[in-house]
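No sequence on hand, only this structure:
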């Protein structure tokens, strides 16, 4: 059974940090692009960061570049999103994703709230 289980969300003050984790199970990660998306109330889901299955490089959305870092631990089948210098506009539900061709897996989402 395919599962993507996110953790690490919560409430933090502006300028603070959080680390999100997504543990994958039920499939082999080797061929998949792995990444994080987010969706704020009233807005469309947007890509935050991903590790490409084509070149292994990390790609980041313009609004998070330089503040967020994505890395994976293959031994733990886990991908992490380190979020620093958080801003109120980073408030959203964050979803992890694994994609390979037409196969597209999603986690259940974890809430991140940045507020003083």
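Nice, I can see it. Everything numeric in this text was worked out from a predicted model, so none of it was measured.

contacts, neighbours, all on C-alpha from now
Noted.

Any buried residues in stretch 22-30, and which?
22-24, 29 (16 or more other CA atoms under 10 Å).

Span of it from start to end?
16 Å (CA to CA, to the nearest Å).

Other residues contacting that stretch?
1-7, 53, 74, 76-80, 96, 98, 107 (CA atoms under 8 Å, 6 or more residues apart in numbering).

likewise stretch 86-96?
4, 6, 13-17, 22, 34-41, 67, 106-115.

Please tell me I have it right and residue 82 contacts residue 9.
No. Taking contacts as CA atoms under 8 Å, residue 82 lies outside contact range of residue 9: 11.1 Å.

mind listing what the residue sitting nearest the centre point of the chain touches?
Per CA atoms, centre = their mean, the C-alpha nearest to the average position across the chain is that of residue 36, at 2.7 Å. Contacts for residue 36 (CA under 8 Å, 6+ apart) come out as 47-50, 81, 94-97.

same thing with residue 11?
By CA under 8 Å, 6+ apart, the contact list for residue 11 reads 112-115.

bridging residues for it?
On the basis of DSSP bridges, residue 11 is bridged to residue 113.

and it, how far is that from residue 44?
21 Å.

Same check on residue 52?
Counting by CA to CA, the gap between residue 52 and residue 44 amounts to 22 Å.

try residue 70
From residue 70 to residue 44 the distance is 22 Å (CA to CA).

what about those two, which has more around it?
Counted by other CA atoms under 10 Å, residue 70 and residue 44 do not tie: residue 70 has more neighbours, with 22 against 9.

Report the buried residues of whichever helix or strand that one is part of.
Element membership for residue 70 (DSSP states H and E) is strand 68-73. By neighbour count with 16+ other CA under 10 Å, strand 68-73 contains the buried residues 68-72.

what do you get for stretch 31-46?
32-40.

So which helix or strand of this protein has the lowest pLDDT on average?
strand 58-60 (a mean of 86; mean pLDDT, DSSP states H and E).
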